[in-house]
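> Got a predicted structure here, sequence first:
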Amino acid sequence: MGKERTQTKKSADEPSSYWCSVPGCTADGRKKANLAAYPWMKGVTFHAYQGLHRNPSLRRRVSLYFMMEVLCILLQILELHTDHEYSIAHRKYPEYSNAEVHTDLSVHDINIMETESASYSKGNVLRELFVHKATNSDASVRRYFGLPSISILLGLFSILENASKKLKYWSGKDSIDEKRYEEDNARKPGPERKLTMFHEYLLTLLRIRQDLNIGILKDIFGISESRVSKIFNTWINYMYRVFSPQIKWPSMQKIRKYMPRSFKASFPNTRVIIDCTEVFIQKPRSPTAQSQTYSNYKNHSTFKALVGITPSGAFSFISKF
C-alpha cells in the first residue's frame with residue numbers, strides 16, 4: 001500500500017525560499033531565520049503571490065513597477081519638468097512603508113501608476129517624450145520647427161484649430177467632396193485617430209523644417225508610413241488654404257512707411273526682393289515631365305517657386321510650383 005502524500009502549506013514565520021520582489025531589497029527567508037546576524041528582519045513576514053502564474057492581472061501589476069522604473073529613468077535623462085501633465089519623473093507620491101515586503105511602494109501606489117500609465121502604450125511613449133522635448137523651450141522650437149518661440153507655435157496652431165474641427169485626410173480627388181457629417185455637424189464615422197490635431201501639426205512642421213524621411217516620422221509618432229503621407233499631404237494643403245490669404249501685395253506707401261533706414265539711404269525705391277527656391281523631387285517617368293522639372297543649376301529634377309519679400313522682411317508674393 002503506497003504512502004499517502006500530504007501537502008502542507010508554507011508558513012511565513014518559518015525559514016523558506018521566500019524573498020522580497022522589490023528591486024534592490026535583499027530580504028529573504030534565510031535572513032529571517034538568522035536574526036542574530038540580521039536583527040532588522042525581526043517582525044518581517046513574507047506573503048506569496050497567490051496563484052501568480054494563474055493570475056495575469058496580478059502578474060501585470062508586478063511587471064508594471066519595472067516598466068514605470070524604466071520610463072522614469074528615460075524622463076530624467078531628457079531632463080523633463082513638471083509643466084506638462086504627463087511628466088511623472090519628478091511627481092511626488094505619498095510615501096508609504098510596507099513592513100511585510102520592506103519597500104516604500106504599496107499596492108495603492110502601484111494602482112495609481114497603473115492608472116496613469118494607461119496612456120503610455122508601446123506606440124506612443126516615444127511620441128510623448130519627443131513632443132515634450134521639442135516643445136519645452138523656445139530654443140527647442142527653433143531647432144525642430146524653425147519658429148521663433150513657443151507662443152508663435154501655439155498661436156499658429158490655434159488659428160488652424162479654430163478654422164476646422166473636422167479635418168479629413170486627403171485620399172484622392174473624391175475626398176474633396178463634402179461629407180454628411182461635415183454638413184450636419186455630426187460625429188465623424190470610423191475609428192478614432194491615433195494622433196491629435198496638435199501632433200499632426202507638429203509632424204507637418206517637422207517634415208517641412210527637417211526634411212525627415214517618412215520612415216523616421218513613422219517611428220517617432222507610432223503610426224504607419226501611409227498615415228504619415230496622408231497627414232502631411234492633408235495638412236500642407238490645409239495650411240495653404242488658411243494662410244495664403246495673409247500673403248498680400250502692399251502698396252508703395254506702406255512699404256515706404258515700414259522701410260528700414262538702410263534701404264531708405266541706399267535703395268529708397270525698392271518694392272520687393274525676389275528669389276527662386278527649388279525643392280528636390282523624384283525623377284518623373286514621363287519624358288515631358290522630366291524636361292519640365294529638370295534643373296540645370298541643381299542637376300536634378302526639382303519643383304521651382306518664386307518668392308518675394310518687402311524690405312522690412314514680410315512675404316508679399318509666393319508663386320505656385
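Yep, that arrived.

> Nearest spatial neighbour of C20, chain-adjacent residues omitted?
Of all residues not flanking C20 in the chain, A27 sits nearest, at 4.3 Å (CB to CB, 6 or more residues apart in numbering). No exception for glycine: its C-beta is placed from N, CA and C like everyone else's.

> N269: helix or strand, and which one exactly?
Here N269, judged by DSSP states H and E, is contained in no helix and no strand.

> so where's this protein uncertain?
For the chain, applying pLDDT under 70 flags the ranges 1-17, 19, 21-24, 46-107, 109-123, 164-166, 171-192.

> All the helices of it, in order from the start?
Ranges of helices within the chain are 29-33, 56-77, 107-116, 125-134, 138-145, 150-163, 180-183, 197-210, 214-221, 225-243, 252-257, 261-266, 287-293, based on DSSP state H.

> list the helices and strands the last one packs on?
Using 3 or more CB pairs under 8 Å, 6 or more residues apart in numbering; DSSP states H and E as the contact criterion, the secondary-structure elements in contact with helix 287-293 are strand 300-309.

> Give me the buried positions along the strand it packs on.
Neighbour counts over strand 300-309 (16 or more other CB atoms under 10 Å) mark 301-302, 304, 307-308 as buried.

> re the thing from before, which among the helices of the chain is found nearest to Y18?
Minimum separation from Y18 across those (CB to CB) falls at helix 29-33, 4.3 Å.

> and that closest one, C-alpha only, in PDB?
The C-alpha coordinates for helix 29-33 follow below in PDB (Å, rounded to 0.1, in the frame of the first residue of the first chain):
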ATOM      1  CA  GLY A  29      13.700  33.700   4.300                       C
ATOM      2  CA  ARG A  30      17.200  32.700   5.300                       C
ATOM      3  CA  LYS A  31      18.000  36.100   6.800                       C
ATOM      4  CA  LYS A  32      14.600  35.900   8.600                       C
ATOM      5  CA  ALA A  33      15.800  32.600  10.200                       C
END
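
> Any buried residues in that helix, and which?
29, 31-32.

> Residues touching stretch 284-298, excluding its own?
Applying CB atoms under 8 Å, 6 or more residues apart in numbering, the set of residues contacting stretch 284-298 from outside is 278, 280-281, 283, 300-304.

> domain ranges for this structure?
29-120, 129-245, 248-318 (automatic domain parsing).

> For Y144, grab the count of nearby residues.
When counting by other CB atoms under 10 Å, one arrives at 19 neighbours for Y144.

> Distance-wise, check it relative to K230.
Noted for Y144: a distance of 22 Å to K230, by CB to CB, to the nearest Å.

> which one among the buried residues of strand 300-309 gets closest to H132?
The closest of these, once distances to H132 are taken by CB to CB, is V307, at 33.5 Å.

> what sits against the closest one?
274-277, 315, 317-319 are the contacts of V307 under CB under 8 Å, 6+ apart.

> now with 6 Å?
275, 318 (CB atoms under 6 Å, 6 or more residues apart in numbering).

> how close does T135 sit to N237?
Per CB to CB, T135 is found 24 Å from N237.

> who's more crowded, those two?
Counted by other CB under 10 Å, T135 and N237 do not tie: T135 has more neighbours, with 18 against 12.

> what's the spacing between the more buried one and I150?
Distance from T135 to I150, by CB to CB: 6 Å.

> got it, and K194?
24 Å.

> do K218 as well
26 Å.

> which of those two has more neighbours?
K218 (18 against 15).

> list the contacts for that one?
By CB under 6 Å, 6+ apart, the contact set of K218 is 225, 228.

> What separation do you get for it and Q282?
19 Å.

> And for I231?
Look at I231 and Q282: by CB to CB, they are 20 Å apart.

> more crowded one of these two?
A count of neighbours by other CB under 10 Å puts I231 above the other of I231 and Q282, at 24 against 8.

> nearest spatial neighbour of the more buried one, skipping sequence neighbours?
Among residues not flanking I231 along the chain, E200 sits closest, at 5.0 Å (CB to CB, 6+ apart).

> Assess the claim that the one you found and N233 are in contact.
No. In this structure, E200 is not within contact of N233 by CB atoms under 6 Å, at 11.4 Å.

> Looking at these two, which one has more neighbours?
Taking neighbours as other CB under 10 Å, E200 and N233 compare with E200 leading, 25 against 14.

> Quick check: the gap between the residue nearest to W235 when sequence neighbours are not counted and F145.
Using CB to CB, 6+ apart and skipping residues adjacent in sequence, the residue nearest W235 is T204, 4.1 Å away. When distance is defined by CB to CB, T204 is 10 Å away from F145.

> Over to R227?
Separation of R227 from F145 (CB to CB): 20 Å.

> residues near the spatially closest residue to K264 that is not a sequence neighbour, how many?
Closest residue to K264 apart from its sequence neighbours, by CB to CB, 6+ apart: R256 at 7.9 Å. Residues near R256, counting by other CB under 10 Å, number 16.

> How about T204?
Neighbours of T204 using other CB under 10 Å come to 22.
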